[in-house]
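K.L.:
my questions are about this predicted structure, shown below with the sequence.
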Amino acid sequence: SQKIEQNSEALNIQEGKTATLTCNYTNYSPAYLQWYRQDPGRGPVFLLLIRENEKEKRKERLKVTFDTTLKQSLFHITASQPADSATYLCALGSNDYKLSFGAGTTVTVRA
Amino acid sequence: EAQVTQNPRYLITVTGKKLTVTCSQNMNHEYMSWYRQDPGLGLRQIYYSMNVEVTDKGDVPEGYKVSRKEKRNFPLILESPSPNQTSLYFCASSLTSYYEQYFGPGTRLTVT
């Protein structure tokens, strides 16, 4: 069965450092992959989308890579700030219109 | 303001009492979807709709119904709620499934 795993439930880092989150998948051939941010008690907010034929996408301090051979996406937050503290979700989509989410990684940035 | 609205935001009900959670979007999006979120399990898709009158099952459709009679509305119906449907529910919409999803604020449902 399809499985999406995000590296760890929690990641604690020092302000200014780079946070790297992992999204691994098995038994899946996604056409695209999305990353979302979710704050407590609120709905997820879209951050970045990367398609299967793309290797890397950037948006301000965020960078996403997508390796379909390794079946893995990496999500980087550079020069992290306390305001980046949140839960980050990866989501995989395919041509059947479904979207499947990982359980998320909670990032805490210490000042 | 572009948004997805859900009502109610909080609901406590008893087993077997039919309920409906409404979802509405004002962005003229074709694609709409319902998710439930449980600790440690993440977001799981219940149903989705590619456009009006076209819906399909997600990963966890058992015990739920949906309808899409108008583009802007996508209600979630629980005909006979059970305690295992206690969860946080999110509605989302997008231009198509390939594009960014806009999520509503969530509905916290408790079934006793």
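P.N.:
Perfect, I can see it now. Because the structure is predicted, anything quoted here is derived from the model rather than measured.
K.L.:
so whichever residue of chain A sits closest to chain B, which state does it fall into?
P.N.:
Nearest residue of chain A to chain B, counting by Cβ to the nearest Cβ: A:Gly43, 3.2 Å away. C-beta here means a position set from N, CA and C on the backbone, and glycine is covered the same way. Put simply, A:Gly43 is coil when judged by DSSP: H, G, I helix; E, B strand; the rest coil.
K.L.:
show me what contacts it?
P.N.:
B:4, B:90, B:92, B:103-106 (Cβ atoms under 8 Å, 6 or more residues apart in numbering or on different chains).
K.L.:
interface residues of chain B facing chain A?
P.N.:
Within chain B, the positions near chain A by Cβ under 8 Å from any Cβ of the partner chain are B:4, B:31, B:33, B:35, B:40-45, B:48, B:50, B:56, B:58-59, B:90, B:92, B:97-106.
K.L.:
rerun that using 6 Å as the cut-off
P.N.:
B:42-43, B:50, B:90, B:97, B:100, B:103-106 (Cβ under 6 Å from any Cβ of the partner chain).
K.L.:
closest one of the residues you listed to A:Thr105?
P.N.:
Checking the residues of chain B next to chain A against A:Thr105 with Cβ to Cβ, the nearest one is B:Gly42 at 10.5 Å.
K.L.:
going by neighbour count, which of the residues of chain B next to chain A are buried?
P.N.:
Among the residues of chain B next to chain A, those classed as buried by 16 or more other Cβ atoms under 10 Å in any protein chain shown are B:42-43, B:50, B:90, B:97, B:103-104, B:106.
K.L.:
from these, which ones fall inside helices?
P.N.:
Assignment to helices by DSSP state H places none of those there.
K.L.:
any chance of those in JSON lines with pLDDT as columns?
P.N.:
Output for those, formatted as JSON lines (pLDDT from 0 to 100):
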{"residue": "B:Gly42", "pLDDT": "86"}
{"residue": "B:Leu43", "pLDDT": "93"}
{"residue": "B:Met50", "pLDDT": "93"}
{"residue": "B:Phe90", "pLDDT": "98"}
{"residue": "B:Ser97", "pLDDT": "78"}
{"residue": "B:Phe103", "pLDDT": "97"}
{"residue": "B:Gly104", "pLDDT": "97"}
{"residue": "B:Gly106", "pLDDT": "97"}
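K.L.:
among those, name the ones in strands.
P.N.:
Of these, the ones assigned to strands by DSSP state E are B:42-43, B:50, B:90, B:103.
K.L.:
ok, A:Ser100 touching A:Leu92?
P.N.:
Yes - counting by Cβ atoms under 6 Å, A:Leu92 is a contact partner of A:Ser100 at 5.2 Å.
K.L.:
host element of B:Ser93?
P.N.:
Per DSSP states H and E: B:Ser93 is located in strand B:87-94.
K.L.:
please compute how far that strand lies from its chain's middle.
P.N.:
Taking the mean of its C-alpha atoms, strand B:87-94 sits 5 Å from the chain's own mean (Cα atoms, centre = their mean, to the nearest Å).
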